[in-house]
Each structure stands twice: as C-alpha cells, then as structure tokens.
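# Everything below, folded, please.
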Amino acid sequence: MSVLPSPKSLLISSCLFLSACANFEPGMRYQDLMRPRQPTIQQSIDGLDVSAEEFASEKKSRQAFDADVAPNGILAILVKVENNGSQTVRIQENMISAYLSDQLLGSLGGDNAARQSADSEYAGKALGWTVATGPFAIFLWPVTIGASAAHTAAVNRRIEQHFESLRFNDALLKPNQTAAGFIYFKLPDGVKQLENLRLEILPVIEGTGEKPKFNLPLPNIDLSASVSARIEDSNSANK
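Sure thing, here's the model as predicted:
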C-alpha cells in the first residue's frame, strides 16, 4: 500500500528545491568599470584615450555576467574613453563597430544580449527541478513547475537589468571626464575562432565636427572548447 506524502512534507520538499535553484551572481558592477583596469588594447589621439578589453574568454565572461556568453553568440567588449585633452568630445554607442576579419558584426542591446544568455544558461537549470524530486515527483510536479517558471522569470529580469546597467551609454565628455561600459555584438553561429577581430570607434569633437578614427585590433581568441561543450550539452538535453 502506497502512502501519499503529507502537505507538510510537500511544502518542505518544495522549499528545499527552491533553495537549490539557479541564482545569478555576477562579480562585476557598474562602479567596477570606472576603476583602473589593464585593457587588452589602448590608443591615444590628441589627449583622447580609448581602451578596449575583451570578455570573450570563459573566465572573464563569468566574472562580469555569471555566464559564458561567447558560445551563446554574444561578444562583450568593455570600452573606456578618457578625455585628457582640452576639447569636449561626444561618444555614441552607434559609432562603435566591431569587425571579424572584414565582417561587420551586428550590435545587440543589453536586453537582447541578456535574453540570449538567459535562455541558454538558466532554462535548463530550471527545468531540472522537476526531475530531481525522487519518489515525490508526481506530487511535487505542479509546485516545482510553477516555482521554476516564477523563479526563472525573476532571474531573467535580474540578468536583463545587469546587462543594461553595464552597457555603454552615449556621453558628452568634457576635459578630464571618463565614460565606460560594455558594447554587445552578435557573433556568427558556431564560430570557434575569433581571428582578426578589431574595434573601430569614431568620437566627434564638439565645435569642429572632427572624427578621430580609433582602430583597435584585439588578439585572436579560441572559443572551440566552450562551443564544443555547449553543443554537447544541447545534444544531451535533446535526447
């Protein structure tokens, strides 16, 4: 004769699963962007200092976004502009472009980059709740499904807010002012090597309309291990 779990047991079990659910804990906040960092590359023109730092490697990506975003088709580059000259400079997000060899990469807003990352990183974890309940699975299924959906939605909102908070915003920089933030680009599907990657930045000098051109080549980055692992995980989930 089977014994049904009591409501109290169901509640305790569901709470245990909720406490073990997927969390979002990035190690970087907006204030960290303004602190001194070692950039990947830096260039100066007439007192305007522009630097870029790639966050395509898994270690750096997880530090900033608590996710390995490049295998999910997202290239995150931290851009910092310091006006150490004597003129006011306007720097806009749409004047920052990335090229992979000669291919112009499409830009992504913070919300779109976040959704793409969240869909890949957290959906599988949330779905995993309903298969971890042992003999009580059939009784906890309605609870875990509802809790999973609610929690995943909450986590995804936090992810979107985080990506947006780190995003580079258009700025008008007077002398001795600084702007910093991430630019998100869409990578070609399945790309495993970032070769001949470069960033092109065209700030505008207020009053003159001049556009000094910054051309920042970034080092080659090997994504093959992360992409292969992502494909294997996807295949396993579909079996």
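# for Ala98, helix, strand, or coil?
Assigned by DSSP: H, G, I helix; E, B strand; the rest coil, the conformation of Ala98 is strand.
# Quick check: pLDDT value at it.
pLDDT for Ala98: 96.
# who's in contact with the closest residue to Ala70 other than its chain neighbours?
Nearest non-adjacent residue to Ala70, counting by C-beta to C-beta, 6 or more residues apart in numbering: Ala56, 4.4 Å away. Glycine gets a C-beta too; all of them are placed from N, C-alpha and C. By C-beta atoms under 8 Å, 6 or more residues apart in numbering, the contact set of Ala56 is 70, 75-76, 194, 221, 223.
# Let's verify Ala56: helix, strand, or coil?
At Ala56, secondary structure determined by three-state DSSP is coil.
# just the helices in the chain please.
With DSSP state H, the ranges of helices along the chain come out as 7-19, 30-33, 58-65, 110-121, 123-127, 137-166, 224-238.
# avg pLDDT for the third one?
When the per-residue pLDDT values of helix 58-65 are averaged, the result is 89.
# and that helix, what does it pack onto?
Where contact means 3 or more C-beta pairs under 8 Å, 6 or more residues apart in numbering; DSSP states H and E, helix 58-65 is packed against strand 74-83, helix 137-166.
# lowest-confidence stretch among these?
Ranked by mean pLDDT, these end with helix 137-166 at the bottom, a mean of 65.
# Now for the chain, the helix or strand with the poorest mean pLDDT.
Lowest by mean pLDDT, DSSP states H and E among the helices and strands of the chain is helix 123-127, with a mean of 44.
# okay, now the closest residue to Glu53 other than its chain neighbours: neighbour count?
Spatial nearest neighbour of Glu53, chain neighbours left out: Leu78 (4.3 Å); criterion: C-beta to C-beta, 6+ apart. Other residues within reach of Leu78 by the criterion other C-beta atoms under 10 Å amount to 23.
# got it, and the one 3 residues further on?
As a burial measure, the neighbour count of Val81 was computed by other C-beta under 10 Å and equals 22.
# So what pairs up with it in the strands?
Beta bridges link Val81 to Val50, Ala179 when assigned by DSSP bridges.
# residue contacts, it?
Val81 makes contact with 48-50, 89, 91, 171, 173, 178-180, 201, 203, according to C-beta under 8 Å, 6+ apart.
# What mean pLDDT does stretch 101-108 get?
Averaged across stretch 101-108, pLDDT comes to 93.
# how much space between the spatially closest residue to Arg158 that is not a sequence neighbour and Val69?
Leaving aside its chain neighbours, Arg158 sits nearest to Phe24 (5.1 Å; criterion: C-beta to C-beta, 6+ apart). Separation of Phe24 from Val69 (C-beta to C-beta, to the nearest Å): 13 Å.
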